[in-house]
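Novice: got a sequence here, can you model it:
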Amino acid sequence: MTRWVDGQGILTVGAVAVPLEVAASYRARTRGLLGRDDIEGALLLTPAASVHTFRMRFPIDVAHLDRSLRVRAVVTMPPGRLGLPRPLSRHVLEARAGAMAGWGLRPGMLVGIRQL
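Specialist: Below you'll find the predicted structure:
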């Protein structure tokens with residue numbers, strides 16, 4: 001079992017490497033993307049099964065991952081929404097809307113995460 005800590009990392013989606021921020025503490029998960037105008041790369045919230053976009057300034061892509069980092073679902077959420085919890089979801093990836101399609105991320109894929 002991986003022990004996640006707040007910090008930086010690399011997300012790999014197939015052959016694509018994406019800069020990653022890891023939010024593993026309660027404080028970092030609570031803050032998430034609030035107060036930002038954009039994100040370069042992705043944010044991993046762990047543990048997390050659902051997210052909301054209240055008070056967010058931009059729409060985001062949300063990918064729900066299980067314990068083995070397999071993508072269970074990918075959705076795009078505009079600001080002001082409450083996402084549904086996903087069964088078996090252990091982690092949530094967030095990125096600006098459209099980014100995940102550009103990486104080729106889709107349900108059923110395994111992603112790689114390496115903390116720096």
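
Novice: which SSE is Phe58 in?
Specialist: Assessed by DSSP states H and E, Phe58 sits outside every helix and strand.

Novice: and for the one 5 residues further on?
Specialist: Remark: Ala63 resides in strand 60-65, with elements defined by DSSP H and E.

Novice: remind me what that strand packs against, helices and strands.
Specialist: Applying 3 or more Cβ pairs under 8 Å, 6 or more residues apart in numbering; DSSP states H and E, one finds that strand 60-65 contacts strand 71-77, strand 91-96, helix 99-103. Yep, even glycine has a C-beta here, placed from its N, CA and C like the rest.

Novice: ranking the ones you listed by burial, who's on top?
Specialist: Stretch with highest mean neighbour count among those: strand 91-96 (a mean of 24; mean count of other Cβ atoms under 10 Å).

Novice: flag every buried residue along the helix or strand bottoming out on mean pLDDT in the chain.
Specialist: Scoring the helices and strands of the chain by mean pLDDT, DSSP states H and E places helix 26-31 at the bottom, with a mean of 93. Using 16 or more other Cβ atoms under 10 Å as the test for burial, helix 26-31 gives 28-29.

Novice: okay, the helices and strands packed on strand 60-65 in a markdown table with distance to Ser50 next?
Specialist: Shown next, in a markdown table, are those (distance: least, Cβ to Cβ, whole Å):
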| stretch | distance to Ser50 |
| --- | --- |
| strand 71-77 | 11 |
| strand 91-96 | 7 |
| helix 99-103 | 17 |
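
Novice: for the spatially most central residue of the chain, what are its contacts?
Specialist: For the chain, the residue nearest the mean C-alpha position is Leu93 (0.9 Å; Cα atoms, centre = their mean). Leu93 makes contact with 11, 42-45, 61-63, 65, 100, 111, according to Cβ atoms under 8 Å, 6 or more residues apart in numbering.

Novice: which of the residues you listed lies closest to Arg81?
Specialist: Checking the contacts of Leu93 against Arg81 by Cβ to Cβ gives Val62 as the nearest, at 9.8 Å.
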